[in-house]
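K.L.:
would you be able to build a 3D model of this:
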Amino acid sequence: DAEAGDADTETGDADAEAGDADAEAGDTDAETGDTDAETGDADAETQGTVVPDGTDNASEDFESTDGASEGIVLGFKFGEGLKRGLEVRQTSDQTLTIAGQSLDTKSTTVAIFDEIMGRDTEGRISVTQENKSLVVNSSFPGGIDLVFDSASPQLTHNVPQLQALLEVWNARSHSSLTYLLDGDNQAIEVTGVDAMTEGLSGASLDLLKSEVETSHLLKAFNEEHAIFPNQPVRVDEAWTRNQRIGLGQGQYMSLQIEYTARGEKQHGENTIQHIDVEVQKVTFAHEGSSSDAPLQIVSSDLAVQSSEGSILFDTERGVVSEQTLKFHVIGAMNFSANGQELPGKLDLQIGIHTLPRPE
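P.N.:
Numbers count the residues shown, from 1 in each chain. Down below sits the predicted model:
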């Protein structure tokens, strides 16, 4: 939710950058599909969905109130003048086995951004996501550790691919994207991409441009805000939606997610709608007839071993108050490198937690 997820979830955005680095290193880590925290990241092309240690449960300690017998109206609202701070915490723990060799990758990302709603000079609704902070701790195959903190960024590394990744994280950490909506609240234009890529060159420019391609950003934003049915839902009613997490260089992870309305809950001083979230299916693929990634995904046959999550939705304001999601997938994947097909296996655990940031 760029709401949190930006977090593309805006989602978030925090985002698929680590997945890009893994592809450069012969890996396909979906780490910051971090959920970019752009957003949401939540890039965090999905900025909208994610759990720092995999143990958070936003639904515990709620007290149930009477459910809505005539149906619950769920829908995002874009109130002019609304400003709120969001934090997206994401973890990824992956083992990718290719041709009998295991490649382990782990990452933890914390992204902080502000979301501001207004209008442009033509009267169109605008949603601006201003990134304020990004901290990433990653470990890659071969015992390589990489740390980035936007408060004191170190942008040099003796491995060119990892230096490019540091430069991309730095560009994301102080970026600002503005989505312009039409009369149906569909994002039709996004600005700020050129400013984000300014000053980059070579591998870092190619890497970031593949992640912030305009059509992908608009698709992620609209998917994130289309998770609810158009009609009222009843307590315990379920529905499914598809969302994608971009991995860069045309590659992405597609999630089939089931949502179940659980009714009204008391959350502190506020009354919210509690919605269960469960990933049912995961596939990996790439768009177009070719990809620039040295290791391309040919096919995948993955099974969801476990999944749990929740959305706390404020129907009065029309925003996600808090969201968690964690899931574990395993299965076979086939890759192509330099024209040669390589069989592989994937064991991947992802956790995402999007929560409001105190003013």
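
K.L.:
CA atoms of the helix or strand hosting residue 352 as CSV?
P.N.:
Secondary structure from DSSP states H and E places residue 352 in strand 340-356. Below are the C-alpha coordinates for strand 340-356, written out as CSV (Å, rounded to 0.1, in the frame of the first residue of the first chain):
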residue,chain,number,x,y,z
GLN,A,340,21.2,-21.7,-20.9
GLU,A,341,18.3,-22.9,-18.9
LEU,A,342,19.0,-23.7,-15.2
PRO,A,343,16.6,-25.5,-12.8
GLY,A,344,16.3,-24.1,-9.3
LYS,A,345,14.4,-24.1,-6.0
LEU,A,346,13.2,-21.2,-3.9
ASP,A,347,12.5,-20.9,-0.2
LEU,A,348,11.3,-17.3,0.6
GLN,A,349,9.8,-15.7,3.6
ILE,A,350,8.6,-12.1,3.5
GLY,A,351,7.2,-9.9,6.2
ILE,A,352,5.7,-6.4,5.9
HIS,A,353,4.4,-4.1,8.6
THR,A,354,3.0,-0.7,7.7
LEU,A,355,2.0,1.6,10.6
PRO,A,356,1.3,5.2,11.3
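
K.L.:
sheet-wise, list the partners of that strand with their directions.
P.N.:
strand 83-98 (antiparallel), strand 319-337 (antiparallel) (DSSP bridges).

K.L.:
list the buried residues for it?
P.N.:
Buried residues in strand 340-356, counted by 16 or more other CB atoms under 10 Å: 342, 344, 346, 347, 348, 349, 350, 351, 352, 353, 354, 355. To be clear about C-beta, it is placed using only N, CA and C from the backbone, and glycine gets the same treatment.

K.L.:
residue contacts, the first one?
P.N.:
To tie it back to what came earlier, the one meant is residue 342. The contact partners of residue 342, by CB atoms under 8 Å, 6 or more residues apart in numbering, come to 98, 99, 334, 335, 336.

K.L.:
could you identify the most distant pair in those residues?
P.N.:
Greatest spatial distance in the contacts of residue 342: 99 and 336, 12.5 Å, computed using CB to CB.

K.L.:
as CSV, the contacts of residue 342 with pLDDT would be great.
P.N.:
CSV is the format used below for the contacts of residue 342 (pLDDT from 0 to 100):
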residue, pLDDT
98, 92
99, 84
334, 89
335, 87
336, 86
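
K.L.:
which among those residues end up buried?
P.N.:
Using 16+ other CB under 10 Å as the burial test, the contacts of residue 342 include 98, 335, 336 as buried.

K.L.:
excluding its backbone neighbours, what's nearest the first one?
P.N.:
Put plainly, it is residue 98. residue 344 (4.3 Å; CB to CB, 6 or more residues apart in numbering).
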